[in-house]
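Got a sequence here, can you build the structure:
(2 chains)
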Amino acid sequence: MENFQLSMSNPEEMYVRSKFREYYERAEVKAPSEVERREWGVGGWERKIEARHIRMANSQELKGKLVMDSPLFISYSVAYYEFPEMRPMERKNWLRADLVFDLDADHLELPCRNRHGSKWVCEECLNGVKEESIKLIEQFLIPDFGFSRKEIGLNFSGNRGYHIHVDNKSVSGLRTYARREIVDYLTGTGIDFNSMGFGWAPVPGRKEEKLLGPAPTDPAWQGRVAKFVSKLVAEKKLEEVGVGERDAKRVYKKSEQFLESIKKGKWDAVKLEKKELFWRDVVGKLGVKLGDRIDQNVTADAGKLIRLPDSLHGESAMLAMRVGNIDKFDPLKDAVVFGKQPIRIKIKKAPQFRLGEQTFGPFKDEERELPEYAALFLLCKKEAVLWKS
Amino acid sequence: MGSSKVSDEFQLMSIAKRRIVDAVGKGKIPLVGTELDDSQLLLQVASYAVSRMIVSLLKSRYYVNRYAIAEAKRASAYMASDSDENVLSVARELGVGCEIDKYYSVRFQDYLRYAPKSVDYKLVNRKMSQGSVMLRRDEFVRVLEEAVKLKIESELPLNTEDMPKNIKEASDEVRGSIPKEPQPAAISIEKGEFAPCMQKLLEDLKTVENLSHTARWALAVYLLNIGMKVDEVVKLFSTSPDFDESVTRYQVEHALKRGYKTPSCSSMDSYGLCVSNCGVKSPLAYRRGAFGKLSAKHE
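Down below sits the predicted model:
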């Protein structure tokens, strides 16, 4: 406790913490299920997790901690332990863990990142990561894994991503290997050409055989492979998976026939040398292209700590929160919780950004009076300091 | 009547002992024909219960695991030719969520628990819909075999206090007719010399956990790649409960002949075998790194 206070040396951190404290005094924070079996971690100005192996007996203790310490970050373990406060990890005695997927805009490698780097987010990345989250739920978790909509919870992380929680007893006992298999499934990692339904079939009365493969209507990854390849051909983007220009042109020339015949699982419409090898390469690269959407470690490491919904994020001063209707959810507006009272700050550098209904910046070495929520946002990004007259 | 009871008991004990001796010694319990009469079939069933008591008295995880593997293989062989109905009821008994209609399908949670850890069983390469993984019959039976093995392993050893005298005697006899439990190979591995993932695999070998085929393969290839001889590799693997020297030797020699390369870190990661973030691209690079530093010190 004492160290905690001592380490708080800069005025910006003190200010942000005092604002966070005010928020926590009035806010309602819902503790996760079985709060006493979770390990907790709190973070400050320098690191997102400065102390961990913390146990909270109940939701009152949690609330007390938030008001007393006003941490800049608070996270809890997806795992349930017998002794959450013990260390090293083995002594905690792992009981089971929620199944959680972490989608972060930074992992999507969208073109906008080249403009604003990984410190900032923009509408484009937030929309991108939102779309990925919807896709994960609607195209994978529900149809393939058979989870029901009410078992799936979606949380905004408070900064630039989403956490998808699956609340289903039958998956909480899964160990690292099984969790990794699920992530590999979601990212298309390790797709094996031979398992995707490709094969040669004899043609009556002719010497050569024809190549059969998956159709877009097939279930699971077989169908997905056919759909992705169809899309790449239709949008003339085969080069993205490493196809040479000459071969790509050959396919595009007959793209209509190809797209028509692939619907019936026939992969023969285009004459290519070493046809099987060609498609084998394409399928092999699909996985690589699709991977990285999900932070593998968060799902697979059943000892990971994850942001507490209803808590503030110390890199944005926005709220990590449960999302009801994702289609209508606008993180840059709905997760803003601080007021409009003007605060004077000195801004080092910031690109243009929107918060709430208002657009701010760009700024460079200027002194400004901004509404509290925007000032806190920039202070948390460490691109502004308090302006003392 | 009395003498027949004695001979029944004698027969029961000898079948039960045979079961373990075969399982531990040969890695295989012979199948019995279906033409047996009811009382003989009953003996077979009863002998399983007795075998469990005897093997528990051997007080060895190695023997228990080796026994479980052989029982599971035997069950699998029966299921291969049994009716769908019977196989389904075995699956239900094992607690495996499944269904048989057009496909043999298993709930993905159970599938991930029991399916072999290899490329063609990898979840991403399976047809899955509504949480069910669709399998062929032989694959379905293979998954059940693993479930049988894990079930037996988890149930054994039984509590061996108050075991009847004749069971204790039987267990002493069995101990006399099975190969000795292999001792960890005396190949010294200095800490820090091997990549952490390989070190973990080596430790798993010693502590007699059943390693997946992929794990064994990765370890064997790694050991060959760092210059270990086939004999040494085979010796290391001999501590594994399902060790079969001729099979292991064949596979290790095969790996050497084909010149397989140690899987990269990202492959190790997707096999679920990566245990640490060492910042290298291949487990071999870790070793080179470690050695590099060591030799630099010596100079």
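
CA only for contacts and neighbour counts going forward, please
OK.

Near chain A, which residues of chain B are found?
Contact residues, chain B versus chain A (Cα under 8 Å from any Cα of the partner chain): B:108-109, B:112-113, B:119-120, B:122-132, B:270-272.

Pull out the buried residues from those.
Buried by 16 or more other Cα atoms under 10 Å in any protein chain shown: B:108-109, B:112-113, B:119-120, B:122-132, B:270-272, out of those.

So which of those sit within helices?
Those of these mapping onto helices are B:Phe108, B:Gln109, B:Leu112, B:Arg113, B:Ser270, per DSSP state H.

what's near enough to touch the fourth one?
For B:Arg113, the set of contacting residues under the criterion of Cα atoms under 8 Å, 6 or more residues apart in numbering or on different chains consists of A:Leu174, A:Ala178.

On the pLDDT front, check it for me.
Looking at B:Arg113, its pLDDT is 92.

repeat for the one 4 residues further on
With respect to pLDDT, B:Lys117 scores 80.

May I ask you to confirm that it belongs to a strand?
No. Assessed with DSSP: H, G, I helix; E, B strand; the rest coil, B:Lys117 is coil; it does not lie in a strand.

pLDDT (mean, whole number) over the helix or strand hosting A:Tyr252?
Using DSSP states H and E, A:Tyr252 falls within helix A:245-253. Helix A:245-253 carries an average pLDDT of 90.

List the buried residues in it.
Quick answer for helix A:245-253 (16+ other Cα under 10 Å): A:Asp247, A:Ala248, A:Lys249, A:Val251, A:Tyr252.

give me every residue that touches the first one.
By Cα under 8 Å, 6+ apart, A:Asp247 lies in contact with A:Leu272.

quick revisit: contacts for the next helix or strand along the chain from the helix holding A:Tyr252?
Going down the chain from helix A:245-253, the next helix or strand is helix A:255-262, by DSSP H and E. Helix A:255-262 is contacted from outside by A:213-216, A:226, A:230, A:233-234, A:251, A:267-270, using Cα under 8 Å, 6+ apart.

Would you format the residues you listed as JSON lines with secondary structure and distance to A:Gly161 included?
Converted to JSON lines, the contacts of helix A:255-262 look like this (DSSP: H, G, I helix; E, B strand; the rest coil; distance: Cα to Cα, whole Å):
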{"residue": "A:Gly213", "secondary structure": "coil", "distance to A:Gly161": "36"}
{"residue": "A:Pro214", "secondary structure": "coil", "distance to A:Gly161": "33"}
{"residue": "A:Ala215", "secondary structure": "coil", "distance to A:Gly161": "33"}
{"residue": "A:Pro216", "secondary structure": "coil", "distance to A:Gly161": "30"}
{"residue": "A:Ala226", "secondary structure": "helix", "distance to A:Gly161": "29"}
{"residue": "A:Ser230", "secondary structure": "helix", "distance to A:Gly161": "30"}
{"residue": "A:Val233", "secondary structure": "helix", "distance to A:Gly161": "31"}
{"residue": "A:Ala234", "secondary structure": "helix", "distance to A:Gly161": "31"}
{"residue": "A:Val251", "secondary structure": "helix", "distance to A:Gly161": "38"}
{"residue": "A:Trp267", "secondary structure": "coil", "distance to A:Gly161": "38"}
{"residue": "A:Asp268", "secondary structure": "coil", "distance to A:Gly161": "42"}
{"residue": "A:Ala269", "secondary structure": "coil", "distance to A:Gly161": "42"}
{"residue": "A:Val270", "secondary structure": "coil", "distance to A:Gly161": "41"}
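
just curious, which of the residues you listed is nearest to chain B?
Using Cα to the nearest Cα, A:Pro214 is the member of the contacts of helix A:255-262 that lies nearest chain B, at 11.4 Å.

Compute the number of surrounding residues for the closest residue to the closest one other than its chain neighbours.
Distances taken as Cα to Cα, 6 or more residues apart in numbering or on different chains place A:Gly265 nearest to A:Pro214, at 5.0 Å, with adjacent residues excluded. Number of residues near A:Gly265 (other Cα atoms under 10 Å in any protein chain shown) recorded here: 20.

Equivalent analysis for A:Asp218, please.
17.

where's it relative to chain B, distance?
To chain B, A:Asp218 is 9 Å away according to Cα to the nearest Cα, to the nearest Å.

my read: A:Leu95 touches A:Ser77, true?
No. Counting by Cα atoms under 8 Å, A:Leu95 stays clear of A:Ser77, with 11.9 Å between them.

In terms of neighbours, single out the busier of those two.
A:Ser77 (25 against 13).

who are the neighbours in contact with that one?
By Cα under 8 Å, 6+ apart, the neighbours of A:Ser77 are A:Arg38, A:Glu39, A:Trp40, A:Gly303, A:Lys304, A:Leu305, A:Ile306.

Which of those residues scores worst on pLDDT?
At the low end of pLDDT for these is A:Gly303, which has 76.

Setting aside sequence neighbours, what's the nearest residue to it?
In space, A:Gly303 is closest to A:Ala79, 5.7 Å off (Cα to Cα, 6+ apart).

Most neighbours among the contacts of A:Ser77, which one?
Most neighbours among the contacts of A:Ser77, by other Cα under 10 Å: A:Arg38, with 28 neighbours.

Please state the backbone phi and psi of that one?
For A:Arg38, the backbone dihedrals (degrees, to the nearest 10) come out as phi -100, psi 150.

distance of it from chain B?
In terms of Cα to the nearest Cα, A:Arg38 sits 23 Å off from chain B.

Would you format the contacts of A:Ser77 as CSV with secondary structure included?
Below are the contacts of A:Ser77 laid out as CSV (three-state DSSP):
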residue, secondary structure
A:Arg38, coil
A:Glu39, coil
A:Trp40, strand
A:Gly303, coil
A:Lys304, coil
A:Leu305, strand
A:Ile306, strand
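
Pick out whichever of those sits closest to chain B.
A:Gly303 (13.3 Å).

what are the ranges of the strands in chain B?
B:98-100, B:104-107, B:127-129, B:132-135 (DSSP state E).

May I see those arranged in a markdown table, with mean pLDDT as well?
Formatted as a markdown table, the strands of chain B follow (pLDDT from 0 to 100):
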| stretch | mean pLDDT |
| --- | --- |
| strand B:98-100 | 92 |
| strand B:104-107 | 96 |
| strand B:127-129 | 93 |
| strand B:132-135 | 96 |
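
Can you name the element that comes right after the helix or strand that contains A:Asn155?
Secondary structure assignment for A:Asn155, by DSSP H and E: strand A:152-156. With elements assigned by DSSP H and E, the helix or strand that comes after strand A:152-156 is strand A:161-166.

what distance separates the helix or strand that that next one is followed by from the centre of its chain?
Downstream of strand A:161-166, the first helix or strand assigned by DSSP H and E is helix A:169-172. In terms of Cα atoms, centre = their mean, to the nearest Å, the gap separating the centre of helix A:169-172 from the centre of its chain is 21 Å.

Kindly report the same for stretch A:172-180.
19 Å.

Now do it: everything it contacts.
By Cα under 8 Å, 6+ apart, the surrounding residues in contact with stretch A:172-180 are A:95-99, A:296, A:299-302, B:109, B:112-113, B:270-272.

for those residues, which one is nearest B:Asp37?
B:Arg113 (37.1 Å; Cα to Cα).
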